[in-house]
Structure formats: C-alpha cells, structure tokens
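1. next come a sequence and a model predicted from it.
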Amino acid sequence: MLRFAATRLISLSLSLLAASVVIFAVIEVIPGDPAAFMLGMNAQEDTIAALREQLGLEGSIFARYFNWITGMLTGDFGTSYTYRVPVTELVLARIWISLPLAMFALILSTLIAFPVGLIAAARRGKPADMGIMATTQLGIAIPNFWFAMLLVVVFAINLRWFSAGGFPGWENGFWPSLKSLTLPAIALALPQASILARIMRSSVLDTLDQDYIRTARAKGLTRRQSITRHALRNAMIPVLTIIGMQFSFLLAGAIIIENIFFLPGLGRLIFQGITQRDLVVVESVVMLLVFAVITVTFLVDIAYAAVDPRLRRRA
Amino acid sequence: MKWPRTLVFGAALFAIFLFAALISFLWTPYDVEVLNIPAKLKTPNAEFWFGSDHFGRDIFSMIMVGARTSIAVAIVAVGIGIGLGVPLGLWAAANHGSWLDEVIMRGNDLVFAFPSLVIAILITAVFGPSALNAIIAIGIFNIPVFARISRGGALSIWTLDYILSARVAGKNALRISVEHILPNIANLLIVQGTIQFSLGILAEAALSYVGLGAQPPTPSWGRMLADSQTMISFAPHLALFPGFAIVLTVLGLNLMGDGLRDILDPKIRRSRQ
C-alpha cells in the first residue's frame, strides 16, 4: 500500500509539473510579450516597459517559469494587474464560494442518485425502473446552466422562495449563505445525479449477476436481502470512483453556474480576468483548478486501493 | 434484424435538427442577421412561430442556424478526437509496454486534467473567443477519450490468433493496425463518437453561453440563452426554445448511442437490460 501511494505521489507531482509547463507556455510564451498583450494595441512603449518590470517579465523564460513555480509553492501567485492586489488574496476570498458550491452539489447528487439508482436496480424492467431511466436520460441532456435559469424563473421570480442571485458572505451567517448556494447547487447536481444514478443501477445489476449472489439467493435470501447484504457493498466501488471524477466536473461547472447567480466565486474572477486581459489571474486560477482535479483523482486512486487490495498490484 | 426503439427514436429526433441545420443554408423564415426593432419581443404567433427576440429577430430561424453552429462544432471536434486520438491509441497498443506507450498514455492523463472548459479558458485568454477556438478546445479534450478507447480495444485484439498469423505472414504493425485492428474497433468508436458528439453539443452551448464560443452575429443556442437571461422574467420564450433545442438534440444523440451500443456490442447488451 505504501509503495502504491509513493508511486502515485510521484506521478501526481509529474502531472502537476507538466500541467504547469503547459499553462505557462500557453499564457506567457504564446502571446509573445504578455505586457504588450495585456495593455492592448494603443499602449505607449514606456508603459509596456513599466508593466513588464512590474510583472517580473525581465529575464529568460526559464527564470520566469522558475519564479512562477517557486512563488506558487510559497503561496505567492503574483499580483493582479487590474485589481492591483496579490492574486492569492483574490483567490482566497473567492474559493470559499466555489469549493462549498461544488461540495454541496456533490452531496446533493449523491443523496439523490443512491436511492434512485438502487430502486431502479431492484425493480429492473418494471415501470418504476423505466420511469427512472427515462428521467435520468432527460437529466443528462439538460444543460445545467439552462436548468439554473429555469430554477430562477420558478423558485426565485415566481415563488420567491430564494433570491435570484448574490451571496451574503459566510461572515453574515451560515444559513443565509447556504440558502443562496441552494439553487446553484441543485442546478449543478441534476446532470451529475442522473449519470450517477445510472451507474449505481448498472453497478448493482452487474453485481447481482455474480455467483455469490446466486449462492445467497439459494440459501434463501430474498432479492432485497441479497441486494442490501451483499450486492450493495461491492457495487459501491465503481460508484465511488465516479463520485471522485465528478468533483472536477462540478468545480468546472461551478465556474459557469456562478455567473448565472452572480456569485463572486472563482468563475467570476476568471471571466473578469479574461475580459480584462489579466493574464496573471487567469494563469493562477487555471493552475489552481487543474491542481484540484489532479489531486482529487490522486485521492480517489488511493482511497480506491485502500478499499480494494486487488488494485494495488495493478499499478 | 430488429432495430432498438431507442435507436429509431433517437435518430429521428436528431434527424429533425440535422435537417433544420441543412435547410438553413438554403432557406430560413427570416434573415437572422437583419434587425427588425418594431417586431421585437413578440410571443410565439402565426408570423413568428417561436416568437422574436429583443432585436426583432425570428427565434425559429435562429434555432435553425444555431443547429448548424452546434452540429458543425461538435462534428469537427469529434473529428479532431478521432483523427488524432485513434492513431495515438493504435500506436500505443502496437508498442504496448514500451516507453512510447507510457508517454502517450501519460500525455492523455495530462489532458484529462484539463476539463474542456478550462482548455477553452486558456485558449480564449490568449487568442480571444471564437467558434474555432471552441472547436479546438472541445477537440483537444476528445483526443485522450478516443486514444484510450482505441488502445483498450486494440490491446485485446492484438492477443488474438489471427493477428499472430498476420505477423507470421510478414505484415508490420502499421498494416495490422489499419487492416485488422481498426475494422474491429470501429463499433466501439462509433458508439463513443455518438456520445462525444452529444457532449460536444453541450460543451459548445456552455462555451457560447459564457461568451467563449461563437460570437455575434453568428446565432448559437448557448449565445441565445445568454442573451435571454436578462429578459427571462418578461420574455421566457427567449430562453425556452433554445433550451429545448439543446435538450432534444442531446437526448436524440444519447438515445442513438444507447441503441447503437445495443446492436454493436453484444457484451454490453446483457448488463443494460
């Protein structure tokens, strides 16, 4: 197990290193002079030179990359050109919206998908199963940002149960903040819950085909008993992997959904960064997102191997 | 052979939008680039079947042209995925266990760490938003998907006896990959292609919605939804029709994918029923 974790940790570090090279190359090397790019066409030569110095663009590409990486490792993501504050500060203020939103959606999606998938599997081929399969098929096809708009129309504009957007801030109370994340989380969770419910269903059905379930049934257990006592635990393994993978989709999805609900999260920051050509912000937030995706994948791998010893050898 | 109902229904649904997209090259009820302010924000009626937007443009015509944008972006993005991913996957499988295999697969893992939205953000931050950049972003994301699936499929075929006889007959890895492996993984690729197609439609809509995709005046479903957002309280039809268009197209493609899988992959048929 320790050896498995160690090899995965090395590959995690290599992935992060490679990702950082790609991001650095796209943002800082391809545009030529980032300072000129950020200031636009009509910039004066001396303004560009001043910005170049301010951004630390003097020196070779390798030196700049090295500075960027070592800076990030010590928590220094550089200074935003438009906000004139450290990017770390901007990110820290916003990550406590995007991260809880993605977590909230993940919990919702899991809470919906487990019972729904289980019911479908237990009632395979019956009307309940067919209804659930049709609904989840629709759930996968609905874009979450459109679903979010419909939620706003129904629950914010017509029923007035929730506000249509904005965020009060965690310091102004936990419940009001959670409430303002509820509609966005539901919108994010719907397609993921549909996918997860289908995987849950087929995973349970796959397990039910196994010999040990037949043995359990032969011993006199009912179908329901064989599912709850034996099938469920084994069916959980693939489901858990998918849950881990979904986190990265939810984090990326949160970027879009935040815009609909005017939540001042990482999504708003990154899109403002793009329109204002604030490359320092874009670069850092993208690196952070990729870091989150790679780290979650790593954690799922480790958890997976801890649960299922067979996987340790395969690595 | 009996065609699965999901395939027939899904194909019919998708055919409607494909047909609308093709017709839009020749004819649309109204010109989607001409503004007609006096006719703005009409609800659906005999004149404007799906109503009109804040510039008086006909929503029905925009949906038709939008279908063109969505389908074109998704097709090219799937094409990039297949065109680059499949050769990479076959190449990796032919050199299974070598450093080349390792490099290709680790490269794939790296791309997987960048969700298509993040790739699009990186590209647009530097090159500016456009439909072409959306295609590239979705296409790059498709490469590892197809590489992985063709490598997996190819690996299981490489172990078969007739591949051994082909080697004995003196065929090299390239010829074996093209003549024997590729035809045998075509089914896998068709099914995956349908799935990536529908994901491409969703991704294009999302990118256009946040302004990273097709730019005005090119109508696109995601863009129409973004425009409708501020008017949703008094003109909900602006948001309903493009949304339905996306849902029905994606639903059609997903059902098609399910149906195709049932026909083409007997292994999966058992567990899906």
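-> Now that the structure is in, tell me what you want to look at. Numbering: from 1, shown residues only, chains lettered A, B, ... in the order given.

2. thought residue B:55 was touching residue B:37, still the case?
-> Yes. Assessed by CB atoms under 8 Å, residue B:37 is found in contact with residue B:55 at 6.7 Å. Where you see a C-beta, it was placed from the backbone N, CA and C, and this is true even at glycine.

3. ok, these two, which is more surrounded?
-> The residue with more neighbours, out of residue B:37 and residue B:55, is residue B:55; 16 against 8, by other CB atoms under 10 Å in any protein chain shown.

4. mind checking which helix or strand the more buried one is in?
-> Secondary structure assignment for residue B:55, by DSSP states H and E: no helix or strand.

5. next one: the one 5 residues further on
-> Using DSSP H and E, residue B:60 sits in helix B:59-94.

6. residue A:249 in helix, strand or coil?
-> Following DSSP: H, G, I helix; E, B strand; the rest coil, the label given to residue A:249 is helix.

7. now swap in the one 10 residues further on and tell me
-> Following three-state DSSP, we place residue A:259 in the helix state.

8. what is the neighbour count of it?
-> Neighbours of residue A:259 under the rule other CB under 10 Å: 21.

9. I figured it hits residue A:266, correct?
-> No. The pair residue A:259 / residue A:266 is not scored as a contact, 11.2 Å apart, by CB under 8 Å.

10. so residue B:180 sits against residue B:158, correct?
-> No. If you go by CB under 8 Å, residue B:180 and residue B:158 don't touch, sitting 9.3 Å apart.

11. low-scoring stretches of chain A, by residue?
-> Residue ranges of chain A with pLDDT under 70: A:31-32, A:56, A:310-315.

12. related to what we said a few turns ago, right, is the helix holding residue B:60 up against chain A?
-> No. If you take CB under 8 Å from any CB of the partner chain as the test, helix B:59-94 misses chain A, and the best it gets is 11.4 Å.

13. that helix - what's its average pLDDT?
-> Summarised as a single mean, pLDDT over helix B:59-94 is 92.

14. tell me which residues in the helix or strand just after that helix are buried?
-> Using DSSP H and E, the helix or strand that follows helix B:59-94 in sequence is helix B:99-112. Buried residues in helix B:99-112, defined by neighbour count with 16 or more other CB atoms under 10 Å in any protein chain shown: B:101, B:104, B:105, B:107, B:108, B:109, B:110, B:111, B:112.

15. so which of those residues comes closest to chain A?
-> Distance to chain A across those (CB to the nearest CB) is lowest for residue B:110, with 5.2 Å.

16. by mean pLDDT, point me to the weakest helix or strand of chain B.
-> helix B:266-272 (a mean of 52; mean pLDDT, DSSP states H and E).

17. the residue nearest to residue A:116 when sequence neighbours are not counted and residue A:115, how far apart?
-> Spatial nearest neighbour of residue A:116, excluding adjacent residues (CB to CB, 6 or more residues apart in numbering or on different chains): residue A:197 at 4.4 Å. Distance of residue A:197 to residue A:115, given as CB to CB, to the nearest Å: 9 Å.

18. run a quick neighbour tally on residue B:163.
-> 18.

19. before we move on, back to that, go through the helix holding residue B:60 and flag the buried ones.
-> For helix B:59-94, by 16+ other CB under 10 Å, it's B:59-71, B:73-74, B:76-78, B:80-82, B:84-94.

20. give me the helices and strands touching the helix or strand containing residue B:155, please.
-> Using DSSP H and E, residue B:155 maps to helix B:131-158. Applying 3 or more CB pairs under 8 Å, 6 or more residues apart in numbering or on different chains; DSSP states H and E, one finds that helix B:131-158 makes contact with helix B:59-94, helix B:99-112, helix B:116-127, helix B:182-209.

21. now do 10 Å
-> helix B:59-94, helix B:99-112, helix B:116-127, helix B:161-168, helix B:173-176, helix B:182-209 (3 or more CB pairs under 10 Å, 6 or more residues apart in numbering or on different chains; DSSP states H and E).

22. would you mark the buried spots in that helix?
-> Residues B:131, B:133-151, B:153-155, B:157-158 are the ones in helix B:131-158 that count as buried (16+ other CB under 10 Å).

23. list the contacts of the residue minimising distance to the centre of chain B.
-> The centre of chain B sits closest to residue B:197, judged by CA atoms, centre = their mean, with a distance of 2.3 Å. By CB atoms under 10 Å, 6 or more residues apart in numbering or on different chains, the contact list for residue B:197 reads B:14, B:71, B:74-75, B:77-78, B:81, B:142, B:249-250, B:253-254, B:256-257.

24. near chain B, which residues of the stretch 101-250 of chain A?
-> Applying CB under 10 Å from any CB of the partner chain, we find that the stretch 101-250 of chain A lies next to chain B at A:124-125, A:133, A:137-138, A:140-150, A:152-153, A:156-158, A:164, A:191, A:198, A:201-203, A:205-206, A:208-209, A:245, A:248-249.

25. spatially nearest residue to residue B:185 (excluding sequence neighbours)?
-> That would be residue B:153: by CB to CB, 6+ apart, it lies 3.7 Å from residue B:185.

26. thinking the one you found is in contact with residue B:93, fair?
-> Yes. The criterion here is CB atoms under 10 Å, and residue B:153 meets it with residue B:93 at 8.1 Å.

27. now do the shared contacts for those two.
-> Shared contacts of residue B:153 and residue B:93, counting by CB under 10 Å, 6+ apart, come down to B:181, B:185.

28. low-confidence ranges, chain B, go.
-> Scanning chain B with the threshold set as pLDDT under 70 gives B:1, B:265-273.

29. do you know how far residue B:74 is from residue A:188?
-> Separation of residue B:74 from residue A:188 (CB to CB): 23 Å.

30. cool, residue B:64 as well?
-> 30 Å.

31. what of residue B:43?
-> 31 Å.

32. who has more neighbours, the two?
-> Neighbour count, other CB under 10 Å: between residue B:43 and residue A:188, residue A:188 has more, with 31 against 12.

33. thought that one was touching residue A:101?
-> Yes. Between residue A:188 and residue A:101 there is a contact under CB under 10 Å: 7.1 Å.

34. name the residues contacting each of those two.
-> Joint contacts of residue A:188 and residue A:101 (CB under 10 Å, 6+ apart) are A:181, A:250, A:251, A:253, A:254, A:257, A:258.

35. need the contact list for the residue nearest to residue A:116.
-> So residue A:197 contacts A:109, A:112-121, A:132-133, A:135-136, A:139-140, A:239 (CB under 10 Å, 6+ apart).

36. mind listing which of those residues are in helices?
-> A:109, A:112-121, A:132-133, A:135-136, A:139-140, A:239 (DSSP state H).

37. now which of the residues you listed would you call buried?
-> Buried, going by 16+ other CB under 10 Å: A:109, A:112-114, A:116-121, A:132-133, A:136, A:139-140, A:239, out of the ones in helices among the contacts of residue A:197.

38. gap between the residue nearest to residue A:116 and residue A:209?
-> Relative to residue A:209, residue A:197 is positioned 19 Å away (CB to CB).

39. can you check residue A:237 too?
-> 15 Å.

40. of the two, who's got more company?
-> Applying other CB under 10 Å to residue A:237 and residue A:209 shows that residue A:237 carries more neighbours, namely 15 against 11.
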